[in-house]
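Q: Sequence and predicted structure are below.
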Amino acid sequence: MLASLPNRCGAVLRLRKIFGYTQKEIATELGISEHTVEKQLARAVRLCAQFLLAQPAGGALGGRPQLTSARPGNRHDAGR
């Protein structure tokens, strides 16, 4: 998914979410404005969401976790 992002979007997303850089640090590192960092982060998140929504069930990340009903001993089962 990250490899499918445009270069700058991918770089900004990696620096922010993986390496924990601040927006100001990213701007300095990449030689862009903080406003551009904000726009690129928003774009990267939007593109990642579109990528994930386009995947079939059980696709890129193994699908969504299954929600199950309360089972005996489950804290949500208290009144039964």
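A: Nice, I can see it.

Q: buried ones in the longest helix seen in the chain?
A: Criterion DSSP state H: the longest helix present in the chain is helix 34-53. Neighbour counts using 16 or more other Cβ atoms under 10 Å place 36, 37, 40, 41, 43, 44, 47, 48 of helix 34-53 among the buried residues. Any C-beta I mention is one placed from the backbone N, CA and C, and that applies to glycine too.

Q: One more: stretch 11-20?
A: Buried positions in stretch 11-20, judged by neighbour count with 16+ other Cβ under 10 Å: 11, 12, 13, 15, 16.

Q: which residues touch residue 25?
A: Contact partners of residue 25, counting by Cβ atoms under 8 Å, 6 or more residues apart in numbering, are residue 15.

Q: before we move on, back to that, so which of the buried residues of stretch 11-20 are in helices?
A: Judged by DSSP H, the buried residues of stretch 11-20 include 11, 12, 13 as members of helices.

Q: Can you name the residues that contact the first one?
A: Okay, so that is residue 11. Residues in contact with residue 11 (Cβ under 8 Å, 6+ apart) are residue 30.

Q: Can you give the contact residues for stretch 29-36?
A: 8, 11, 12, 15, 21, 23, 24, 26, 27, 37, 40.

Q: And for residue 8, the neighbour number?
A: Counted with other Cβ atoms under 10 Å, the neighbours of residue 8 add up to 16.

Q: Pull out the buried residues from stretch 22-36.
A: Neighbour-count burial for stretch 22-36 flags 23, 26, 27, 30, 32, 36 (criterion: 16+ other Cβ under 10 Å).

Q: wait, isn't the first one in contact with residue 16?
A: The one in question is residue 23. Yes - in this structure residue 23 lies within contact range of residue 16 using Cβ atoms under 8 Å: 7.3 Å.

Q: Need the residues touching each of the two.
A: Residues touching both residue 23 and residue 16 comprise 37, 41, with contact defined as Cβ under 8 Å, 6+ apart.
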